[in-house]
Structures are given as C-alpha cells and as structure tokens.
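Asks: got a predicted structure here, sequence first:
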Amino acid sequence: MSQSLTLSHPSGVLNGSIKLPASKSEANRALIIAALSGQESQLHNLSEANDTQLLQRLLKSDAETIDAEDAGTVMRFLTAFYAITGQQKTLTGTERMCQRPIKVLVEALQELGASIEYLGEEGYPPLKIGKFSGSGKKQLKVRSDISSQYISALLMVAPLLPEGLELELEGKIGSRPYIEMTLSLMQHFGVSADFTENTITVKPQQYTSAAFTVESDWSAASYWYSLVALSKEADITLLGLKEQSFQGDRAVVDIMYRLGVYTEFTGEGVRLLKKEHERHLSLDFSDCPDLAQTVVALCAGLGIHLDMTGLESLRIKETDRIQALQIEVLSMNSSLQEISPGVFHLEPGILHKEQLSFRTYQDHRMAMAFAPLALLEPVEIQEPSVVRKSYPRYWEDLGKVGFEVVMQQE
Ligand SMILES: O=C(O)C1=C[C@@H](OP(=O)(O)O)[C@@H](O)[C@H](O)C1
Ligand SMILES: C=C(OP(=O)(O)O)C(=O)O
C-alpha cells in the first residue's frame, strides 16, 4: 500500500517553539561506547529516531542475525563492535544497505585480526563476523574519502585493541566533523586520542562510565531554517541546541545567514528570524553532507543560483542523493548539473505549478528537505513515513506551526 501526504500553509506566517529530536549521530556513538565500557552509563535524551531505537535494541539482542535496516551508523559501528569483541553474528540490512560499500572498514578490521566474510557481493553487506584473534598490528592506512563512518567505527574500538591503533587517513578527509565528534565522545568517556595532520593515535585504554545528555539534532534544525527562509514572516524557537556543539551540521547557522535566516542563541536553544538573502552562493559540503539536500531544495524555491562542491559521498547514502535531487528539482523547472568533475551548479527556474509533488526514494532527507516548499505552493510528499529514520515527529511538528497536513493511503 502506498502513502502520500499533502501539505499547505494558508498564511505563510510561522510562530512557535519546537523540541527537535536528539542527534542520532551523538546518540549512536554514546550507545556503542557505553556498551564497550562494560559499565552502566547514564545516557539522557537518546533520540527517538529509528536509527537510535534500533541500535539500542540490537545491542541488547542475542540473536545471531542482526538487521541494521537502513542505518549506516548502525551497520558500520556494529561491524567493528562485533568484530573486535569476537561476537559471531550475521549482519545484514535493507536492499539499499547491501549496496552501500563497507570494504574499507572490513579490510581494516581483518588486518587487525577480525574474521569477516562477505555473504553476498564482495565489499558489501551482508557480513558474517567470526572470532577475533588479535594480529598485534597497530598501524593502519585507511581511505578517508568514502565514508567517515568507517573511521569512527575503528576509533571507538581502538582503545580495546592490545596495541591500540595508529590510523593514517589517506586521501581527502570527508565528513571530518563526524570524526571529531567521535573523538570528543570518546574523550567524554575517558579515552584520549591524538589527531595530528592525517594520523590519529589511540593508545590501549579503558572507557569509564559517565553521564551524557544528547544534544538536539542540527541536521533536523536545517529543515526549520528552510521553513523560516521560505515563510512570509517567522519567529521560531528550536529547543535544545547549543552554541558549542559536537555536530558539524551546526554549520547551518552560517549557511542560512546567507540564505535569509538570522540565528539568535538563547539559553534554551535558538531563535530564528527572517532577513534578506543572497542571490548567488558557492558552498562546499565536504564537512556537512547532510545539509546539501536542504540547501538545494531551498535555493530552487527561492530562485538562488548555487555552486556546490564536496558532494562525493551523496551517491552512496540512503539513495543516490545527486540523482534524486536532479529529478526532483527538475519538477520545479530548476536544473542541477555537474559542470566539471565534482562541481555542481543549481540553476533555479520559475515555479508555475499549482501543486508540487515530490518522491522520496526511501530517504528521510528528501522528504524533509522538500516539504518546506509547501510555503510557496501546496506540496505532495510520497511515502512520508521515511522521516522515522531521524525525525519521526516531523509532520506532527509542522502541524504545530499551522501547516495543514493530510495523509492519504492508496
Ligand atoms: O558518523 C555519522 O554519524 C554520520 C556521518 C556522515 O556519513 P559519511 O561519513 O558517510 O559522510 C553523515 O552523512 C551521516 O548522516 C552520519
Ligand atoms: C547518511 C545518513 O545516515 P546513515 O549514513 O547513517 O544511514 C543520513 O542520516 O543522512
């Protein structure tokens, strides 16, 4: 049975205070580290995101076959977790997860002495994980231009290795703030590391138990910035965001300043107000790939010319996000093209439709990024339940600020 949802906003004026979901990236690191510490840790404000709920359940499961569904962090973090703690598991996921590469991580773990076999195509899940027999090796070279999640996964298990780990990152470091988030969380739980130039060193150490409160999710905040930018008037408060954050997607503050949103940090979160926007922007998304869809949809809506780099990792996420964006902006008369290797240009067109309809490609961010366009024209979103991956209450929250949200089943 297929589902769709229509969204419209009669006044275009947004007022309200929203409690965002907690960051699934922070939560999933805290859960893995707490499990590795072997001690009780007080984790507060764990995300209601499916990716986090799932990891919590899987960490308690003694089943032999573990389904990471569509959660990249769950697949990558658990591969390292089971491999190094020597748990014999079969690790699988959705059809798409089995097309998302994992070879860099598997080969690194094998060099450290893990036993991992591919059950399907080489380089991709599903995986069969067996006993761990430490190789005594501590120096590894790992490519860092495919996914930072491989590096985060290795770092979190590194203090448990008999010799620790010296990881040399090869190539461009994509999604670097996520690696730094991992190191910050490890530090919070008592483990120190050294990150100098392109080498990260972690000596053998014990995690200690600690209390940790997960911050609200800055990636989820980006959709609210887009809503404010597209509104006629707005005064929106997002609760639970901090000025100093572990999350690289805090970069949305500066990006959205140029796209028409002023941020005021208050004690309880941020207050977003509308301002003028620029007409032509160049942005590099290497450090914040999850913001790209929000920004592309917004620029197509506001008629802003956008040049972009740093989009390499988008092709191997929940869907091929470049292709999905190209198709969906075309339905708004805009075009997204690769004008030279790695450089993309969004040429906005004139909207002249009475209703916009967007496909979501089993990707939560396609749904959440295109929904704010309902402030311009009524919008239909196909398969809206995809938002459960990171922000299950998204549609409910839009209802709180005056959107008419109608769900249809076919
Ligand atoms: O470590 C993490 O929590 C994440 C890292 C990023 O992935 P890549 O490192 O694959 O770019 C990001 O896109 C993802 O949503 C979450
Ligand atoms: C890419 C994402 O998640 P993951 O890689 O963890 O599935 C995301 O949430 O945008």
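Replies: That came through, no problem. Ligands and ions are numbered 1, 2, ... in the order given.
Asks: pLDDT score for V295?
Replies: pLDDT, V295: 98.
Asks: mind pulling up the pLDDT for Q355?
Replies: pLDDT at Q355 comes out at 86.
Asks: again, but for the one 4 residues further on
Replies: At R359, the model reports a pLDDT of 98.
Asks: could you do S41 as well?
Replies: S41 is given a pLDDT of 87.
Asks: surely it touches F189?
Replies: Yes - here S41 reaches F189: they are 7.2 Å apart, a contact under C-beta atoms under 8 Å. For glycine as for every other residue, the C-beta is placed from the backbone atoms N, C-alpha and C.
Asks: check which helix or strand M156 maps to.
Replies: helix 148-157 (DSSP states H and E).
Asks: now T182
Replies: Short version, using DSSP H and E: T182 is in helix 176-188.
Asks: does any bit of that helix sit next to ligand 2?
Replies: No - Helix 176-188 is not in contact with ligand 2 by C-beta under 6 Å from any ligand atom; minimum separation 9.6 Å.
Asks: hmm, who's touching that helix?
Replies: 25-26, 29-30, 33, 144, 148-149, 151-152, 155-156, 159, 173, 192-193, 195, 200, 202, 207, 210, 212, 246-249, 286-288 (C-beta atoms under 8 Å, 6 or more residues apart in numbering).
Asks: same question, stretch 362-370
Replies: So stretch 362-370 is contacted by 70, 94, 96, 219-220, 223, 226, 290, 293-294, 296-298, 317-319, 321, 324-325, 328, 356, 358-360, 379, 381, 383-384, 386-391, 394 (C-beta under 8 Å, 6+ apart).
Asks: V270: which element?
Replies: Going by DSSP H and E, V270 is part of strand 269-274.
Asks: strand partners (parallel or antiparallel) of that strand?
Replies: strand 233-239 (antiparallel), strand 261-266 (antiparallel) (DSSP bridges).
Asks: give the buried residues for the first one.
Replies: This points to strand 233-239. By neighbour count on 16 or more other C-beta atoms under 10 Å, the buried set for strand 233-239 is 234, 236-238.
Asks: turn the residues you listed into TSV, columns for pLDDT.
Replies: Output for the buried residues of strand 233-239, formatted as TSV (pLDDT from 0 to 100):
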residue	pLDDT
A234	98
I236	98
T237	98
L238	98
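Asks: among these, which one sits closest to Y82?
Replies: Minimum distance to Y82 across the buried residues of strand 233-239 is 36.2 Å, recorded for L238 (C-beta to C-beta).
Asks: so the residue nearest the centre of the chain: helix, strand or coil?
Replies: Centre of the chain computed as the mean C-alpha position; nearest residue by C-alpha atoms, centre = their mean is D290, 5.4 Å away. Counting by DSSP: H, G, I helix; E, B strand; the rest coil, the backbone at D290 sits in helix.
Asks: name the residues of this structure found near ligand 1, please.
Replies: So the chain meets ligand 1 at 25, 73, 147-149, 152, 174-175, 178, 289-290, 313 (C-beta under 6 Å from any ligand atom).
Asks: which one is L14 nearest to, not counting chain neighbours?
Replies: The shortest distance from L14 to any non-neighbouring residue, by C-beta to C-beta, 6 or more residues apart in numbering, is to A234 (4.1 Å).
Asks: before we move on, what about Y223?
Replies: Y223 sits nearest to M368 (C-beta to C-beta, 6+ apart), 4.7 Å away.
Asks: how far away is that neighbour from D67?
Replies: The spacing between M368 and D67, counted by C-beta to C-beta, to the nearest Å, is 24 Å.
Asks: neighbour count for these two, which is higher?
Replies: Set side by side, M368 and D67 show more neighbours around M368, with 29 against 18, by other C-beta atoms under 10 Å.
Asks: name the nearest of the buried residues of strand 233-239 relative to ligand 1.
Replies: L238 (18.9 Å; C-beta to the nearest ligand atom).
Asks: thinking again about what came up before, just the contacts of stretch 362-370: which are in helices?
Replies: 219-220, 223, 226, 293-294, 296-298, 321, 324-325, 328, 394 (DSSP state H).
Asks: about what we covered before: any common contacting residues for S41 and F189?
Replies: Common neighbours of S41 and F189 (C-beta under 8 Å, 6+ apart) are 30, 33-34, 209-210, 212.
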